[in-house]
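Q: Please find the sequence and the predicted model below.
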Amino acid sequence: MQERGRFISVEGIDGAGKSTHLAWLAQFLIARSICLRQTREPGGTVLGEKLRELLLNDAMHLETEALLMFAARNEHLQQVILPSLAQGEWVLCDRFSDATYAYQCGGRGLSIEKFTQLEQWVQGRSEGFIEPDLTLIFDVPLDVSQARMANSRVLDRFEREQAQFHANVRAAYLARAAQNPQRIKVIDANRSIEAIQQELAQLMTEWLS
Ligand SMILES: Nc1ncnc2c1ncn2[C@@H]1O[C@H](COP(=O)(O)OP(=O)(O)OP(=O)(O)O)[C@@H](O)[C@H]1O
Ligand SMILES: Cc1cn([C@H]2C[C@H](O)[C@@H](COP(=O)(O)O)O2)c(=O)[nH]c1=O
């Protein structure tokens, strides 16, 4: 039987440097002959990308936002993530449900109970709960992320939120990591890109062995 692929997700507050490190991590894995499927949330499917457009641009009730995040995730799991893992491909996902915990619960105030219900509904399966095997959270103080964002692009609906929103998102990510120390590794991303890549190389080499 085909060995199941591994599932890795990458997270962080907006402006933490996630995209920079994701690209490096993908090359690191490909260089080790790992057959890799790179994808993202919200998005990753035709429907998911349409939902992403709405989620990143249109105002909506916080519960609608959470439901759409999980609707996109369900489609993503069914169409992309589960089939890829079953074929032995590894999945490298730019955000997954820890982002809903951080942004919708931490940032917007969605109840943990409702989050857990949605998570169980979408990720609970007869063969067991599906979640990443490894999650990397790139962590930076708020002033650093805000400065990096200001220098780099046009901001979307989440990125335009007040500083307190981003502070709450960061705190929720760190709380989630503290609750799941085996799965979630927090990387101090307030260092040079080279220093971060050095730590990533060491962490990934240990994790792969
Ligand atoms: N360690 C770092 N030191 C200095 N600048 C950095 C560092 N990491 C990333 N940057 C810069 O910060 C900006 C934002 O980085 P990037 O787009 O990778 O992060 P992100 O906003 O977290 O990603 P995403 O768009 O996926 O949310 C870019 O200009 C990038 O070059
Ligand atoms: C999966 C997911 C994402 N978000 C937010 C977080 C970011 O601000 C955007 C996605 O943008 P990125 O440039 O791809 O990081 O969406 C969220 O609020 N909840 C989620 O579940």
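A: Ah, there it is. Ligands and ions are numbered 1, 2, ... in the order given.
Q: Ranking helices and strands of the chain by mean pLDDT, which lands last?
A: helix 142-150 (a mean of 93; mean pLDDT, DSSP states H and E).
Q: hmm, that helix in reach of ligand 1?
A: Yes: judged by Cβ under 6 Å from any ligand atom, helix 142-150 comes into contact with ligand 1 at residue 148. C-beta here means a position set from N, CA and C on the backbone, and glycine is covered the same way.
Q: One more: stretch 56-63?
A: No: if you take Cβ under 6 Å from any ligand atom as the test, stretch 56-63 misses ligand 1, and the best it gets is 10.9 Å.
Q: returning to that earlier point: what's the mean pLDDT across the helix or strand just after the least confident helix or strand of the chain?
A: Using DSSP states H and E, the helix or strand that directly follows helix 142-150 along the chain is helix 163-179. Helix 163-179 carries an average pLDDT of 98.
Q: Quickly check: the least confident helix or strand of the chain near ligand 2 or not.
A: No: judged by Cβ under 6 Å from any ligand atom, helix 142-150 stays clear of ligand 2, getting no closer than 10.1 Å.
Q: Name the residues that touch that helix?
A: 13-17, 140, 155, 159, 163, 166-167, 170, 190 (Cβ atoms under 8 Å, 6 or more residues apart in numbering).
Q: Show me what residue of the protein gets nearest to ligand 1.
A: Going by Cβ to the nearest ligand atom, ligand 1 is nearest to residue 17 of the chain, at 2.9 Å.
Q: circling back: just the buried members of the contacts of helix 142-150?
A: Neighbour-count burial (16 or more other Cβ atoms under 10 Å) applied to the contacts of helix 142-150 gives 13, 14, 15, 16, 17, 140, 159, 166, 170, 190.
Q: Torsion angles phi and psi at the closest residue to the last one other than its chain neighbours?
A: When the adjacent residues along the chain are set aside, residue 190 lies closest to residue 140, with 4.6 Å between them (Cβ to Cβ, 6 or more residues apart in numbering). Torsion angles at residue 140 (phi, psi; degrees, to the nearest 10) stand at phi -140, psi 150.
Q: Next to ligand 2, which bits of the chain? Give me the list.
A: 14, 40-42, 69, 94-95, 99-100, 103-104, 158-159.
Q: rerun at 8 Å
A: 14, 18-19, 40-43, 52, 55-56, 65-66, 69-70, 72-73, 94-97, 99-100, 102-104, 107, 156-159 (Cβ under 8 Å from any ligand atom).
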